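Trainee: next come a sequence and a model predicted from it.
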Amino acid sequence: MKLVELKGIIFVDGGVCAAKGFKANGVQCGLAHKPLGEMAEANAAANNAVPAAKKKNDLALIVADKECSAAAVYTTNKVKGAPILVTKEHLRNGKARAVIVNSVNANTCNPDGVEKATKMCQLAAKTLGINENDVIVASTGVIGQVLPIEPIEKAMDELAGGLTYDGNKRALEAIMTTDTQEKEIAVQFELGGKTCTMGGMLKGSGMIHPNMATTLTFITTDADISPEMMQRALDDIIKVTLNRVSVDGDTSTNDMVCIMASGDAGNKCVTEENSEFEKFRHALYGILMNLARKMARDGEGATKLVECAVRGADTDEIAEKVAKSVIGSSLIKAMIFGEDANAGRIYCAVGYADANFDISKVDIEMASSGGVIPLGRQGNVIEFSEELAKKILQDEEIQILVSMGDGKGRAIAWGCDLTYDYVKINGDYRS
């Protein structure tokens, strides 16, 4: 999938290891089980991707050479995984140095969950020789199964011993569950005349819905920025990137996005809202917007990326609600999969958005590399070429364009089609 380029940032390789001062590693500690491999293969087949090996990495570590400024956002689900509760406590001071994360088991809805999450931090801290409160912990996988700590404990020496400045791919593999495509990105940008680098990796394929975070995402940067300003930037950018993705309408219990900044780039520390802060936000947007698109394209069983762009609304908030309503519609997702340009379904989804607007001003178009076609004008479906519509819908990236009038409000949201394979993948997720 092609990355969306932005002015002022340059794409580079390296993921979470691209920034100065960060190492990573991933190992197979024994948490992976057979159904995980079967799900990955099913999702890979649906996406025409290479099937993931059954015996994949399931434990990852990201470590900074020194203490970093840190910030995070978390799921708004009332049920929160134990790792989130522990990480929230550890990040109260806005500092961190390492991330330990496992896949396969979410460590959620377990009476010993906090104990196990804390133990993971203690194991990482002891092996690395750092304070356990400087460790971020995360888990993803099956909810409601007790997390065995013994395999993690036995793997710590191998995990820490294999840390390298180019270990991003091993770490990325370890956080993937039903993902079939790698989701990582890194960019360079300038702050105060210094070249800064920011990189990130993301896991997310199912249980994806716009309700804060919607994934496990880890970002590193060598820019120098205070924890307070980094938190402010993250809070802002999440709202217009990962919080605008929907695959299936489910918001996970373990969603987390965290970022660590080492300051190794040598720029003057960003401590207030100024032009340097805006440059940092811009780079963060480039990272999270492209990761959001990657996540939507790799939705469980998905064959197409769907982008809804809304303009002309009275406010950005109205535009956002409409965009989310469209990409969250199961009928529209099924329509995209079936390559059937049913414009009435789009108007229907626009109409039940929880916002006030005049539907008689709403125009709808659909676009892809195959062309652009008007489907509706002033709230009414119009005649269109079924042949051209079919050609447009055969592409892997589809745009639904909604014009709501002459207002200045606009928003973009991302989703995917709904296929038979989504049910196959999730029908036996646990068993």
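Mentor: Received the coordinates, thanks.
Trainee: secondary structure class for the residue nearest to residue 378 when sequence neighbours are not counted?
Mentor: Nearest residue to residue 378 in three dimensions, chain neighbours excluded: residue 360, at 5.4 Å (Cβ to Cβ, 6 or more residues apart in numbering). In this view, the C-beta of every residue, glycine as well, is placed from N, C-alpha and C. Classification of residue 360 by DSSP: H, G, I helix; E, B strand; the rest coil places it in helix.
Trainee: residues touching residue 326, list them.
Mentor: 308, 310, 332, 346, 349-350, 400, 402, 413 (Cβ atoms under 8 Å, 6 or more residues apart in numbering).
Trainee: with residue 266 instead?
Mentor: 194, 224.
Trainee: over to residue 265?
Mentor: Counting by Cβ under 8 Å, 6+ apart, residue 265 has contacts 19-20, 191, 194-197, 221-224.
Trainee: tell me where the model's unsure across the stretch 201-350 of the chain.
Mentor: 205-214, 247-251, 298-301 (pLDDT under 70).
Trainee: and for the stretch 51-200 of the chain?
Mentor: Using pLDDT under 70, the flagged stretches of the stretch 51-200 of the chain are 51-54.
Trainee: with just CA atoms, put stretch 135-154 into CSV.
Mentor: The C-alpha trace of stretch 135-154 is given here as CSV (Å, rounded to 0.1, in the frame of the first residue of the first chain):
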residue,chain,number,x,y,z
VAL,A,135,8.8,-0.1,32.0
ILE,A,136,5.7,0.1,29.9
VAL,A,137,3.8,-3.2,29.6
ALA,A,138,1.3,-4.3,27.0
SER,A,139,-0.5,-7.5,26.0
THR,A,140,-2.7,-8.5,23.1
GLY,A,141,-4.6,-11.7,22.3
VAL,A,142,-7.3,-13.8,23.8
ILE,A,143,-9.3,-12.2,26.6
GLY,A,144,-10.1,-14.1,29.8
GLN,A,145,-7.3,-16.7,29.8
VAL,A,146,-4.7,-16.7,32.5
LEU,A,147,-1.3,-15.5,31.3
PRO,A,148,1.4,-18.0,32.1
ILE,A,149,4.4,-16.0,33.3
GLU,A,150,6.9,-18.9,33.2
PRO,A,151,7.6,-18.8,29.5
ILE,A,152,8.2,-15.1,29.6
GLU,A,153,10.5,-15.4,32.5
LYS,A,154,12.6,-18.1,30.8
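Trainee: contacts only, for residue 337.
Mentor: 303-304, 417-419.
Trainee: a markdown table for these, including secondary structure and distance to residue 97?
Mentor: Output for the contacts of residue 337, formatted as a markdown table (DSSP: H, G, I helix; E, B strand; the rest coil; distance: Cβ to Cβ, whole Å):
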| residue | secondary structure | distance to residue 97 |
| --- | --- | --- |
| 303 | coil | 41 |
| 304 | coil | 40 |
| 417 | coil | 41 |
| 418 | coil | 41 |
| 419 | coil | 42 |
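Trainee: could you find the closest non-adjacent residue to residue 236?
Mentor: residue 281 (6.5 Å).
Trainee: let's verify residue 395: helix, strand, or coil?
Mentor: Quick answer, by three-state DSSP: residue 395 is coil.
Trainee: mark which of the contacts of residue 265 are part of strands, please.
Mentor: Among these, the ones falling in strands (DSSP state E) are 191, 194-197, 221.
Trainee: if any of those residues are buried, give me the ChimeraX selection for them.
Mentor: In ChimeraX, a selection of the buried entries from those looks like this (16 or more other Cβ atoms under 10 Å):
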select :191,196,197,221
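Trainee: okay, the ones in strands among the contacts of residue 265 in a markdown table with distance to residue 231 next?
Mentor: What follows is the ones in strands among the contacts of residue 265, written out as a markdown table (distance: Cβ to Cβ, whole Å):
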| residue | distance to residue 231 |
| --- | --- |
| 191 | 17 |
| 194 | 22 |
| 195 | 24 |
| 196 | 18 |
| 197 | 20 |
| 221 | 14 |
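Trainee: and which of the ones in strands among the contacts of residue 265 is nearest to residue 277?
Mentor: Checking the ones in strands among the contacts of residue 265 against residue 277 with Cβ to Cβ, the nearest one is residue 191 at 9.3 Å.
Trainee: can you tell me the SS state at the nearest residue to that closest one once chain neighbours are set aside?
Mentor: Among residues not flanking residue 191 along the chain, residue 267 sits closest, at 4.0 Å (Cβ to Cβ, 6+ apart). Assigned state for residue 267: coil (three-state reduction, three-state DSSP).
Trainee: check contacts around residue 267.
Mentor: Counted by Cβ under 8 Å, 6+ apart, residue 267 has contacts 191-194, 196, 223-224, 276.
Trainee: how far away is it from residue 222?
Mentor: 9 Å (Cβ to Cβ, to the nearest Å).
Trainee: any shared contact partners between those two?
Mentor: Counting by Cβ under 8 Å, 6+ apart, the shared contacts of residue 267 and residue 222 are residue 196.
Trainee: what's the end-to-end length of stretch 242-261?
Mentor: One end of stretch 242-261 sits 20 Å from the other (Cα to Cα, to the nearest Å).
Trainee: buried residues, that stretch. List them.
Mentor: Quick answer for stretch 242-261 (16+ other Cβ under 10 Å): 242-248, 251-261.
Trainee: pull the number of nearby residues for residue 193.
Mentor: Residue crowding around residue 193 was assessed by other Cβ atoms under 10 Å; the count is 8.
Trainee: for it, which non-adjacent residue is spatially closest?
Mentor: That would be residue 267: by Cβ to Cβ, 6+ apart, it lies 7.6 Å from residue 193.
Trainee: next one: residue 365
Mentor: Residue 365's closest residue in space is residue 401 (Cβ to Cβ, 6+ apart), at 4.3 Å.
Trainee: now do residue 399
Mentor: Of all residues not flanking residue 399 in the chain, residue 367 sits nearest, at 4.4 Å (Cβ to Cβ, 6+ apart).
Trainee: let me know the secondary structure of that neighbour.
Mentor: strand.
Trainee: now do the SS call for residue 153.
Mentor: Residue 153 - assigned by three-state DSSP - is helix.
Trainee: contacting residues for residue 16?
Mentor: 22, 24, 62, 168, 171-172, 184, 199-201, 218-220.
Trainee: at 7 Å instead, please
Mentor: 22, 24, 62, 168, 171, 199-201, 218, 220 (Cβ atoms under 7 Å, 6 or more residues apart in numbering).
Trainee: return the subset of the residues you listed lying in helices.
Mentor: In this view, these that belong to helices under DSSP state H are 168, 171.
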